[in-house]
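1. below are the sequence and a predicted model; questions follow.
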Amino acid sequence: MAPGGQIRATVVHRPKTTGSHDVQDSSEDGAATPGRQIRATVVHLPKTNRSQALRNSGVSKQKKPTTTTKASSIIRAIEQLEGSFRRRTILFGLDCGTEFIKASYYVSTENDTNDQPVSTKEVHTVNWPNNSPIVRARAAFDNDGNLRLASDVDSAVRDGKVQSCETIGHLKPMLYEDRMKVERSLVLDKLWDPRTALVDALGSFEITPQLAACGETVPLLHDEDASKDNRAQGSQPHSAGNTSPREVPHFEIYARLMGWAFREAASYVSTKHDDLNWQRAKDENSPLAGHNVRVALLVPSKSTVTSREHVVAAARAAGIPNFFLVREAAAALACHLVRCLENVNAESLVGKTFIMLDWGAGSVDLEVWKILSLSPLRVQARYKTQSEWNGARTANTHAEKLVLNGVRDMEELLDSMSLARGRTVTQKDAGAEIREEFEMEKRFPNGIEARLLKIRGLPTDKDSRLHGDAGVRLDEDDNAFIQESTTEPVSYALYQCMHWLNFEASKPQGSRIRIDGIVGTGGGVLNAYARQKLREDIEKHCHSLHQGITIPVHFPELSSTYASLTQTASGGVLLLADGESTSDRIVERSYFSLRYKGNNAKVVYFVRKDHTLDATGVKVMLDTRMLPQDENEGLKLKEDVFYSETIKKRGVSLDQQQIKDLDKLVICHHLTKEELRFIPQVSSPTNPWSTSRDYYKFQSSLEMTFEGQEACFTTTIPRNGTFGYDEDPGDNPIVKKARIDFRGILRSVGAIVEGEKTAIDSFPEGPPSVDSEDEEAEEGEEYSWDSGDEDDSGEEDVDVDEDMEDDSDDSDEPWDDEELWRHVGFS
């Protein structure tokens, strides 16, 4: 293929004249595809070379070429070459987890460009440079100041260019608000360590502009022309609230890690499909052009808008194209259900309700789903998502505390380790080595058998678990304590969920929600002892809450380790393959303007939380304003767009203090003197007797529309400064636009749409009162993973669907089908 997406066909004939014909290629829907031309060039060749050239070009030899036959030959040549360069669909599922990075992909067959149902057999796992489907999610700066990522860190540690304690891990939780303070200090200590000044090694890779493009952290947003100029000049948007890149170094490192993972995944796919022409996939500056690429980025199920905006900013900085945020638990369930449907007659799953437990290294996600149909795949959420940052990696911290608290002579330990390493080792360094080694040892153990953590240079003190150069010995009781400490918060989260479901059934007009099984996935369920402990705890919960009824618990077979770890990435691919899963645009944040009246202000919405964005846009007429000229007799215009994740009801009025506490996006435009030449100029409103007319008086409107995955704010000012009848701006109005990336504000794929149940946050205070005025008795609506039928009536309360109040099966016993679970690799 020629550069620039051109397809060149060569047709030869004897005439001495030369000509060319340009044919505009069209996409599948009939629309012309910009930038893709099929050029047929007619070349003069001697008569003796004519036959060979025709054979090479694929055009059959004609005895007496005519104008008609020449044209048809060219068209046939074009059609033949076009068939071999058809756009293909490539879907990626990228799970940049707390401990490991996993990825899956799907490549459509040749000439198959439409969205088609995808089976799990067509979804493949990416093998990383370490020849494994998982790779550690960490970074490090080597002795030369170079940033190493993922598998490169492993090789740098082996070569002695990086110390284990200097690696930077657990970057993912730092993008999520509730974990930032806990995690960030550990990384910032390393980044600002005066011994290495590692933060300076980040160079010019700054994520601040990407945060600004999402409307987060950097509050000022400039118009499109100014933004293009800024990008062209490599400058950041001007803002008094600009955040220094030095304040978010972990974002930059995580963005580089995401970029590394995506490029490595694309490179792996190119080795399996060399006809994609992605030979330079690893090059950051090489676009993956010519094909329909979509990427599912897995995020914890219960993440705030701000947290998702951080992920979006990091992905934008990493250069990941056309990505969607997908909930981890929903992806895991999608993969599981599709596998069930492919392997056995799974119709018995319809109407059943399952608790989905995604126990990862960082977060634990809990969701309750009722399966409405399998073809097409439709589910119903029955419980508000629960996410906790107490995943399987907390076992490493428990191991560190157990070992260090048992050391009798800490000074001797640190001196011995320092001597062996030729540098000063602190207690923090020693703890980091213990966590690192325990992660490697406990990764896929079969239980709690005794094991050695291979840490060199230790003194010999068996009472302190220290065995010299052999390492740290953890016996069976130690490992049991560590696993029990890790399992306890997961068990408690399940108890909260089951308690709440039981409480809902006891309410007047409450719907009975029978749980037919608990499905566990993720790295946390791969320890046999932890699994057994969790089963025992669930059995206790069942006896106390469900009058002795036992709920079946299903975990992946221990032999299918990698399949369990990559299930969310594969599920992300399956959800992207279903076009409906990414079609709806439901927002999780309200955007509005304020209409002031006295000391209060009324909220005027552009879009309300939990509602669908209107593609036609919502226009708000702003009050008449008088603004001063700038130094060039132009005007600097600022528009305040307020947003909130709690304000969503109609008729809301705010007082001065509430207005002061609002978050806002400030949209900045510059209007020139030429643009304003017909706008009335008046005296200062504070000095009406002044003869200086240095203020502009005008009316304006602000409209919010949704284009692609961006929100566009359009400011319109009539040329004469005044709207006409029916808010008509007149001819050639002044129009200024500003855009923000809206992917973080949109509800992620797999999210609950309507009727979210309010989970109980704490015990033993117990469930809230049934008569509580704030409590909403709502049921989830049917939807395709992330979307459903939006209620346009504007009512805030959702009626319970009477058809869903009772399950179709009146039996009190949970449903179970051992053969079905066995077929799909679950025990």
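-> That came through fine. Numbering: from 1, shown residues only.
2. what pLDDT does the model give His556?
-> Actually, residue 556 is Pro. It isn't His. We have a pLDDT of 78 for Pro556.
3. that should have said Gln699, apologies.
-> We have a pLDDT of 91 for Gln699.
4. ok, it - contacts?
-> Under the criterion of Cβ atoms under 8 Å, 6 or more residues apart in numbering, the contact partners of Gln699 comprise Met621, Leu622, Thr624, Arg625, Ile717, Pro718, Gly721, Thr722, Phe723. C-beta coordinates here come from the backbone N, C-alpha and C atoms, glycine included.
5. check these against Val472 and report the nearest one.
-> For these, the residue nearest Val472 by Cβ to Cβ is Leu622; the value is 66.8 Å.
6. any idea how far Ile253 lies from Arg465?
-> Shown here: Ile253 relative to Arg465, a distance of 34 Å by Cβ to Cβ, to the nearest Å.
7. thinking again about what came up before, from the contacts of Gln699, keep the buried residues only.
-> Among the contacts of Gln699, those scoring as buried are Met621, Leu622, Ile717, Pro718, Gly721, Phe723 (criterion: 16 or more other Cβ atoms under 10 Å).
8. wait, isn't Val403 in contact with Val472?
-> Yes. With contact defined as Cβ atoms under 8 Å, Val403 reaches Val472; the gap is 5.6 Å.
9. quick one on the thing from earlier: of the buried ones among the contacts of Gln699, the lowest pLDDT goes to which?
-> Among the buried ones among the contacts of Gln699, Leu622 carries the lowest pLDDT, at 85.
10. what's the residue nearest to it when sequence neighbours are not counted in contact with, if anything?
-> Once flanking residues are discounted, Leu622 sits nearest to Ser700: 5.0 Å by Cβ to Cβ, 6 or more residues apart in numbering. With contact taken as Cβ under 8 Å, 6+ apart, Ser700 is in contact with Leu622, Arg625, Thr715, Thr716, Ile717.
11. so of those residues, which ones are in strands?
-> Among the contacts of Ser700, the members falling in strands (DSSP state E) are Arg625, Thr715, Thr716, Ile717.
12. nearest to Glu388, of those residues?
-> Lowest distance from Glu388 to the ones in strands among the contacts of Ser700 (Cβ to Cβ) belongs to Thr715, with 43.1 Å.
13. neighbours around the nearest residue to that closest one once chain neighbours are set aside, how many?
-> Of all residues beyond its chain neighbours, the one nearest Thr715 is Lys736 (4.5 Å), with distances taken as Cβ to Cβ, 6+ apart. By other Cβ atoms under 10 Å, 24 other residues sit near Lys736.
14. what does Ser570 give?
-> Burial of Ser570, expressed as a neighbour count using other Cβ under 10 Å, amounts to 30.
15. with the one 3 residues further on instead?
-> A total of 29 residues lie near Val573 under the criterion other Cβ under 10 Å.
16. elements contacting the helix or strand that contains it?
-> Of the helices and strands defined by DSSP states H and E, Val573 is found in helix 567-577. When contacts are defined as 3 or more Cβ pairs under 8 Å, 6 or more residues apart in numbering; DSSP states H and E, helix 567-577 sits against strand 89-96, strand 100-107, strand 292-299, strand 323-327, helix 328-343.
17. can you give me the angle that helix makes with helix 328-343?
-> Using axes from the mean of the first three to the mean of the last three Cα atoms, to 10 degrees, the direction of helix 567-577 lies 80 degrees away from that of helix 328-343.
18. for helix 567-577, which residues meet the burial criterion?
-> Under the neighbour-count criterion of 16+ other Cβ under 10 Å, helix 567-577 has Gln567, Thr568, Ala569, Ser570, Gly571, Gly572, Val573, Leu574, Leu575, Leu576, Ala577 buried.
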